[in-house]
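Chemist: Here is my input; please provide its structure:
(one chain, ligands or ions: 3)
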Amino acid sequence: MDNVLKLGLPAGSLQEATADLFRKAGYKITFPTRSYYPTIDDPELHCTLIRAQEMGRYVADGSLDCGLTGHDWIVESDAHVVELAELVFSKVSRRPVRWVLAVPNDSPIQGPKDLQGKRIATEVVNITRKWLAGHGVTANVEFSWGATEVKPPRLADAIVEVTETGSSLRANNLRIVCDLLTSTTRFVAHPAAAADPRKRQKMDDLVLMLKGAMAAEGKVGLMMNVRKADLTRVLAQLPALKNPTIASLADEAWVAVNTVIDEDTVRHIIPQLKAAGASGIVEYPLTKIID
Ligand SMILES: Nc1ncnc2c1ncn2[C@@H]1O[C@H](COP(=O)(O)OP(=O)(O)OP(=O)(O)O)[C@@H](O)[C@H]1O
Ligand SMILES: O=P(O)(O)OC[C@H]1O[C@H](OP(=O)(O)OP(=O)(O)O)[C@H](O)[C@@H]1O
Ligand SMILES: [Mg+2]
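Modeler: Residues are numbered from 1 along each chain as shown. Ligands and ions are numbered 1, 2, ... in the order given. Below you'll find the predicted structure:
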């Protein structure tokens, strides 16, 4: 058991996106029905599903060596963990989530100062209280178990709630007054585990593969053959900042060009490359990009 890394995976909103990312990173991960111990095809990893809210606590006390959770819950629980990586993914997108103060569309509340003496419902009581104190405002912050958007105006004057696409706020006729915190997913470790060379190596390798899989999303590889005489014209079609690999071919008049580009630019760039003299153009999918 000594060479096994205890890894916490977030149950709830981040679960599917996390599993998807691990699969892209090359792990076979499955979630047996009703079990909180996902199986993974790496004997050096032991996975446990833990609520994102509690991940920081169990990583901080060493029950888990490491885990993935939102920055928001690390802040809210004031967990003493070592952050090894930021992984920018949420439930449905590759964007951060925002914790916002929201009120009914017709509410007179326009800013923090208007919250004096008001009732605010939220799952992140500590973050909200600290933010109010920073604005010198005293309000009644009430813990909410979820479905928080239903509370204004009858059960609360305002809420502090997480939003990704904005559809939950819109569906409940709420408008954003201001932002309190932006949050992304983090890979966090117990301080002693992060300082243990063998565990640290395992975690660093895991992070490398997760990041490599994310970096490859939306990218494709392009290779082509180009007559040396056409090389400048062809390279001018490729996006700046990209450094294509140029390799010599048996026929000295020609070179092979290999590069990585955004998938959504391919349909514009390939015709331009062809017009500039490239031939034998091959587009291929990428699964990892490691810098
Ligand atoms: N669209 C999203 N909605 C809510 N949380 C999200 C979303 N995208 C990412 N997250 C992150 O997921 C974590 C919250 O997940 P968690 O499972 O603990 O709560 P939950 O999904 O609200 O659970 P429940 O379904 O029981 O309400 C937070 O770190 C949050 O930032
Ligand atoms: O901006 P959106 O894309 O709509 O996402 C944000 C919503 O998703 C989460 O709800 P969840 O499913 O966790 O329900 P809950 O409110 O009961 O926690 C969160 O609490 C918001 O309600
Ligand atoms: Mg929720």
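Chemist: where does the chain come near ligand 1, residue by residue?
Modeler: 11-14, 51-53, 69-70, 72-73, 90-91, 97, 146, 162, 164, 183 (CB under 6 Å from any ligand atom). C-beta: built from backbone N, CA, C; applies to glycine.
Chemist: Just the buried ones from those residues, in PyMOL syntax?
Modeler: Selection of buried members from those for PyMOL, criterion 16 or more other CB atoms under 10 Å:
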select buried, resi 11+13+14+52+53+69+70+72+73+90+97+162+183
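Chemist: From Ala247, how far off is Asp29?
Modeler: If you look again at residue 29, you'll see it is Ile, not Asp. 37 Å (CB to CB, to the nearest Å).
Chemist: what does the stretch 1-150 of the chain have sitting close to ligand 2?
Modeler: Neighbours of ligand 2 within the stretch 1-150 of the chain, by CB under 6 Å from any ligand atom: Ser13, Gly146, Ala147, Thr148, Glu149.
Chemist: again, 8 Å this time
Modeler: Taking CB under 8 Å from any ligand atom, the part of the stretch 1-150 of the chain that reaches ligand 2 is made up of Gly12, Ser13, Lys91, Val92, Val97, Glu123, Trp145, Gly146, Ala147, Thr148, Glu149.
Chemist: Just confirm Ser248 contacts Leu231, I think it does.
Modeler: No. With contacts counted by CB atoms under 8 Å, Ser248 stays clear of Leu231, the gap being 11.7 Å.
Chemist: got any residues that touch both of the two?
Modeler: Jointly contacting Ser248 and Leu231 under the rule CB atoms under 8 Å, 6 or more residues apart in numbering are Val255.
Chemist: Counting neighbours, go ahead and name the busier of these two.
Modeler: For the pair Ser248 and Leu231, the greater number of neighbours falls to Leu231 (18 against 10), based on other CB atoms under 10 Å.
Chemist: what's the next secondary structure element after the helix or strand hosting that one?
Modeler: Using DSSP states H and E, the element containing Leu231 is helix 231-235. Per DSSP H and E, the first helix or strand lying C-terminal to helix 231-235 is strand 245-248.
Chemist: avg pLDDT for that next one?
Modeler: Average pLDDT, strand 245-248: 96.
Chemist: Report the buried residues of stretch 157-171.
Modeler: Result for stretch 157-171 [16+ other CB under 10 Å]: buried residues Asp157, Ala158, Ile159, Val160, Glu161, Val162, Thr163, Ser168, Leu169.
Chemist: Break down the stretch 151-291 of the chain into its strands, ranges please.
Modeler: For the stretch 151-291 of the chain, the strands defined by DSSP state E, counting those that start in this stretch occupy 158-163, 174-183, 185-189, 219-227, 245-248, 254-262, 279-285.
Chemist: how about the ones you listed in a markdown table, adding distance to Met203?
Modeler: Converted to a markdown table, the strands of the stretch 151-291 of the chain look like this (distance: least, CB to CB, whole Å):
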| stretch | distance to Met203 |
| --- | --- |
| strand 158-163 | 27 |
| strand 174-183 | 21 |
| strand 185-189 | 6 |
| strand 219-227 | 25 |
| strand 245-248 | 31 |
| strand 254-262 | 27 |
| strand 279-285 | 28 |
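Chemist: Which among the ones you listed is found nearest to Lys118?
Modeler: Closest to Lys118 of the strands of the stretch 151-291 of the chain, according to CB to CB: strand 158-163, at 6.1 Å.
Chemist: just the CA coordinates of the closest one, formatted as PDB?
Modeler: Taking Å, rounded to 0.1, in the frame of the first residue of the first chain, the C-alpha atoms of strand 158-163 are listed here in PDB:
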ATOM      1  CA  ALA A 158     -29.600  38.500  -2.600                       C
ATOM      2  CA  ILE A 159     -27.600  35.300  -3.200                       C
ATOM      3  CA  VAL A 160     -23.900  34.600  -3.700                       C
ATOM      4  CA  GLU A 161     -23.900  31.700  -6.200                       C
ATOM      5  CA  VAL A 162     -21.700  30.000  -8.700                       C
ATOM      6  CA  THR A 163     -22.400  30.500 -12.300                       C
END
